[in-house]
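Enquirer: Just to be clear, the model below is a prediction. Sequence and coordinates:
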Amino acid sequence: TVGLTYSPLLALCWVLYLSLMVIGQTFLSFQWDILLLEVGGLLTAYAPLSPSTFNAKPTRVTELALHWCLFKLMLMSGVVKLHSRC
């Protein structure tokens, strides 16, 4: 399973990025940084826990949460574009 990550490794990466964001509040408070944390947190629930559970499907709640995050991204991008009058 080359190239695949599992939930504990993603959780570790998420915690490390969250700590960087807390330390560099002034420099890492942009919309994409928060989106990266949201999607990273959701992907820890979406990824398999171990190689033995690789074929297990994620829960429906996790899939709906990822779809909600995508909808929110598209909506907020449209709001920013309308607000800037481009």
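Expert: Received it, and whenever you're ready, just let me know what you need.

Enquirer: Give the helix, strand or coil label for the closest residue to Leu35 other than its chain neighbours.
Expert: The shortest distance from Leu35 to any non-neighbouring residue, by CB to CB, 6 or more residues apart in numbering, is to Leu73 (6.4 Å). For every residue, glycine as well, the C-beta is placed using N, CA and C. Here Leu73 is helix, with the state taken from DSSP: H, G, I helix; E, B strand; the rest coil.

Enquirer: if I look at Leu73, how far off is Val39?
Expert: Separation of Leu73 from Val39 (CB to CB, to the nearest Å): 9 Å.

Enquirer: just checking, what packs against the helix or strand bottoming out on mean pLDDT in the chain?
Expert: Sorting the helices and strands of the chain by mean pLDDT, DSSP states H and E puts helix 31-46 at the bottom, at a mean of 83. For helix 31-46, the elements it packs on are helix 7-23, helix 60-84, judged by 3 or more CB pairs under 8 Å, 6 or more residues apart in numbering; DSSP states H and E.

Enquirer: deepest of those, which one?
Expert: helix 7-23 (a mean of 13; mean count of other CB atoms under 10 Å).
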